[in-house]
Every structure is written in structure tokens, then in C-alpha cells.
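> Pasting the sequence and the predicted coordinates here, then a few questions.
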Amino acid sequence: MPASQQPKIAVVLGVGPGLGMSVAHRFGREGYTVAVVSRSDTRHADYVASLAAAGVEAVSYVADVRDTKQLGSVLDTVAERYGRIDLVYYGPGALDLDESRPKSITETDSAGVQEAMSWMYPAVDVVGRVLPGMVERGGGAFVFAGGLSAVVPMPTLGALAVSSAALRNYALTLNAGLADTGVYAGNLVIGGLIERGDIHQLITSNPEQFGNVGDRTLDPDEIADGAWELVARRDRAEETFSVLG
């Protein structure tokens with residue numbers, strides 16, 4: 001099949017039942033074949049079946065983005081299987097549900113920041129792995145997703161706010177650096193609980209611990225639409241979705 005007729009390939013890193021799957025469906029509707037990637041394959045069969053039911057060709061892979069070798073191997077496998085990667089969505093959750101809440105910024109030490117940054121560094125590795133092929137073809141896109149603490153001081157998030165700001169700065173600087181290459185980089189700033197996501201499920205199922213979130217939630221489909229608009233229009237580097245004021 002001529003390259004111009006080949007389906008575009010999207011890799012969704014950090015896929016979950018909320019935003020990750022919404023992004024997979026959104027780009028799938030635009031004709032992309034989607035590779036969903038997360039740390040566990042427990043839900044992959046359901047993810048692929050959901051996409052297939054919507055007419056989207058999809059495959060799944062297991063990789064922890066913090067495992068450089070494993071992540072690189074998955075990206076290489078996708079590129080070898082399809083001959084290209086046209087889009088990477090980088091949205092792994094930087095908060096492990098099994099771990100304690102982050103320490104406040106006033107209690108954060110350098111070790112805590114280094115740990116939080118372990119979720120940011122892989123974004124650079126991903127770009128380093130995929131970007132050369134995109135530049136060679138003269139097209140492609142990256143979309144990064146981070147928290148509102150990147151732009152609004154949120155002391156309770158501590159080191160996570162530092163890594164979120166670093167990821168945002170990287171995405172915006174990459175956007176500027178890719179000017180005139182045909183490759184795009186965009187950033188999503190997200191403030192609020194994302195419906196259908198694991199953290200949303202955890203918090204809403206424990207109101208006695210977390211309180212009632214009320215209507216302070218975000219629709220992942222709307223955010224996924226925003227991701228698509230960034231890539232399709234390329235007229236701005238960032239879109240913000242927030243219910244936190």
C-alpha cells in the first residue's frame with residue numbers, strides 16, 4: 001500500500017478507562033489505528049474490544065513508562081509493525097493509587113522531586129525515540145497531558161507540581177523547536193477529576209474520606225476533543241480544561 005494510503009498510527013501511553021480511552025476513541029474516529037499502552041494488561045482486552053466495536057483497529061502493549069528499555073521496545077515494535085508512528089499521546093498517571101498522598105511543598109525534599117520527575121523524564125525518551133522518523137516524513141504530533149498545578153500554585157501537590165510544570169515547559173518548548181518541521185507538539189492542562197478515570201472512581205467511592213466532589217468533574221470526551229483540535233488545527237500550543245477556577 002502506498003504510504004499516502006496507509007492508516008495513521010496513534011500510540012496512547014498511560015491508557016486508562018477515562019481520558020486515555022477517550023483519546024483512543026477520538027483519534028480512532030479520525031482514521032487512526034491505535035496502540036494502547038499501560039503498565040498492566042488486565043483491562044486491555046476490554047479496551048481493544050471497545051475500540052473494535054466502534055470500528056477502530058487497535059492493539060495493546062504493556063509498558064511502564066519509567067522502564068526505559070521496556071518503553072523503547074514497545075515503541076520500536078509499533079513502528080516496525082506499522083512502518084510509522086504518527087501520533088503519541090503521553091498521559092501516564094503520576095499518582096499511584098496504592099501509595100500515600102503527596103507531601104506538601106513545604107515538606108518536599110529533593111528525593112521526592114526526583115521521584116516525581118521519574119514520570120516526566122520518559123516524555124523526553126519517547127520524543128527521542130519517535131521524533132526522528134516524524135521529521136524524516138515531515139509530519140507527526142505529540143500531545144502531553146499534565147495538571148493545573150503546572151500553572152497555578154497548588155502547595156498540597158508538592159513534588160507533583162514541580163514535575164507537572166516541567167512537563168508543560170518541555171511540551172511548549174518542544175512546540176517552538178519544531179516550528180517549520182511539519183511535526184507538532186501540544187499540551188493539555190487539566191484541573192479537576194476526570195470522569196470514568198481510576199482516581200475519579202477511587203474518590204467518588206470514598207466520600208467519607210474525600211468528600212463529595214459534586215459537579216466539579218471533567219468529561220474525558222471533551223478533553224479528547226481538545227487534543228484532536230490541537231493536532232488538527234496546530235494554531236496554538238496548549239488547551240486548558242479546569243473546574244477549579
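The structure has been received and is ready for your questions. Residues are numbered from 1 along each chain as shown.

> Doesn't residue 89 belong to a strand?
Yes: Residue 89: assigned to a strand according to DSSP: H, G, I helix; E, B strand; the rest coil.

> wait, doesn't it sit right on residue 228?
No: no contact is recorded between residue 89 and residue 228 when judged using CB atoms under 8 Å, the distance being 10.3 Å. (C-beta placed from N, C-alpha, C; glycine too.)

> of these two, who's got more company?
Taking residue 89 and residue 228 together and counting by other CB atoms under 10 Å, residue 89 has the greater number of neighbours (29 against 18).

> if I pick the more buried one, what's in contact with it?
By CB atoms under 8 Å, 6 or more residues apart in numbering, the residues touching residue 89 are 10-13, 20, 23, 27, 142-143, 145, 227.

> Filter these down to just the ones in strands.
10-13, 142-143, 145 (DSSP state E).

> what's near enough to touch the residue nearest in space to the middle of the chain?
For the chain, the residue lying nearest the average C-alpha position, counting by CA atoms, centre = their mean, turns out to be residue 91 (1.8 Å). Under the criterion of CB under 8 Å, 6+ apart, the contact partners of residue 91 comprise 12-15, 19-20, 23, 144-145, 188.

> Show me what counts as buried in the longest helix along the chain.
Of all segments of type helix in the chain, defined using DSSP state H, the longest is helix 159-177. Counting neighbours by 16 or more other CB atoms under 10 Å, one finds that the buried residues in helix 159-177 are 159-168, 170-172, 174-175.

> returning to what we had before: farthest pair within the contacts of residue 89?
Comparing every pair within the contacts of residue 89 by CB to CB identifies 20 and 142 as the most remote, at 15.3 Å.

> circling back to that earlier point, now for residue 89 and residue 228: what residues contact both?
If you check residue 89 and residue 228 against CB under 8 Å, 6+ apart, the residues they both contact are residue 27.

> ok, then the element right after the strand or helix carrying residue 34?
Taking DSSP states H and E as the definition, residue 34 sits inside strand 33-38. Scanning forward in sequence from strand 33-38 by DSSP H and E, the next helix or strand is helix 44-53.

> as a whole number, average confidence for that following helix?
Along helix 44-53, the predicted local confidence has a mean pLDDT of 96.

> Which elements pack onto the next helix or strand after that helix?
Once helix 44-53 ends, the next helix or strand along the chain (criterion: DSSP H and E) is strand 58-62. The contact analysis (3 or more CB pairs under 8 Å, 6 or more residues apart in numbering; DSSP states H and E) places strand 58-62 against strand 33-38, helix 44-53, helix 68-82.

> Just want the angle from the last one to strand 33-38.
This points to helix 68-82. Note on geometry: by axes from the mean of the first three to the mean of the last three CA atoms, to 10 degrees, helix 68-82 and strand 33-38 are set 160 degrees apart in direction.

> one step back: from the contacts of residue 89, which is closest to residue 81?
If you rank those by distance to residue 81 using CB to CB, residue 11 comes first, at 11.3 Å.

> so that closest one touches residue 90, yeah?
No: with contact defined as CB under 8 Å, residue 11 does not reach residue 90; the gap is 9.0 Å.

> which secondary element of the chain has the worst mean pLDDT?
Sorting the helices and strands of the chain by mean pLDDT, DSSP states H and E puts helix 207-210 at the bottom, at a mean of 54.
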